[in-house]
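Asks: one predicted model, sequence on top.
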Amino acid sequence: MTNFLKHHPDSNMLVEFSAGSLDIAPSLCVSAHLHFCAKCRSELSKLDEIGSHFLSQSNPTEVNEQLFENVMNEIDRTEHKSTEPEPDATVQHFPAPIKKLITAAKNTLTWQRLSSSIDTAKLFTGQNKFEVALHRISAGGTTPKHDHRGTEYTVVLKGSFSDEQSIYTEGDFLVRKPGDVHQPMGAKNGECICLSALDAPVKLTNPLGFLFRPWLKINPM
């Protein structure tokens, strides 16, 4: 965990997360970032205090459980019971909600090869708006250059990667939208694993993009 991250969710996202109104998939990404970021945890704590104050001044009403808590509870109920080891020892250092997702899906979690440098493993989240997945970039590997048809949230869970704009290390939180063209490249000193949530497929800019058909669709779960 570090205080030196350069890339964070904006204040509006933290307000929605505190209020429990942020969608499930972005909430998972924010939660993963909070695992690494003391600065955002401190800001969230202040937002929670403000929310508690206003709640205490209001008339009592029935409050539904937060969406994020709902999905975590659903994962607990549907978790596969198994004595098999985790699919990758590195997940032991992942944020707790992500480890819980992986544990719940470990009997079906599989890495799919997207290219010679990129693998992906989809995660079940119980919602149908975003595809949530892990993406693994090999050391020094590059992804196809691409644009975005929708919104993509990414949190670095292990290692680091770079693109035309910056270098991203463990815990960094990225948001990409239409018009954000980039080509991520994994660091040469080790593989990089990221959590991502997409509400629309990416748009490959390479004329040979048709060769990477798995990149051109999403499958929310």
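Replies: All right, it came through fine. Numbering: from 1, shown residues only.

Asks: can we go C-alpha only for contacts and neighbour counts from here?
Replies: Fine.

Asks: ok, now how distant is residue 167 from residue 36?
Replies: Computed with CA to CA, to the nearest Å, the distance linking residue 167 and residue 36 is 16 Å.

Asks: neighbour-wise, which of these two wins?
Replies: Neighbours per residue (other CA atoms under 10 Å) separate residue 167 from residue 36, with residue 36 holding more: 22 against 16.

Asks: from what I can see the more buried one touches residue 173, true?
Replies: No. In this structure, residue 36 is not within contact of residue 173 by CA atoms under 8 Å, at 10.2 Å.

Asks: tell me, how many residues neighbour residue 47?
Replies: Number of residues near residue 47 (other CA under 10 Å) recorded here: 19.

Asks: and for residue 93?
Replies: Neighbours around residue 93, by other CA under 10 Å: 11.

Asks: repeat for the one 3 residues further on
Replies: When neighbours are defined as other CA under 10 Å, residue 96 has 14 of them.

Asks: same question, residue 179
Replies: Quick note: residue 179 (other CA under 10 Å) scores 12 neighbours.

Asks: what secondary structure does the closest residue to it other than its chain neighbours sit in?
Replies: Excluding the flanking residues, the one nearest residue 179 by CA to CA, 6 or more residues apart in numbering is residue 147, at 6.1 Å. Three-state assignment for residue 147 (DSSP: H, G, I helix; E, B strand; the rest coil): strand.
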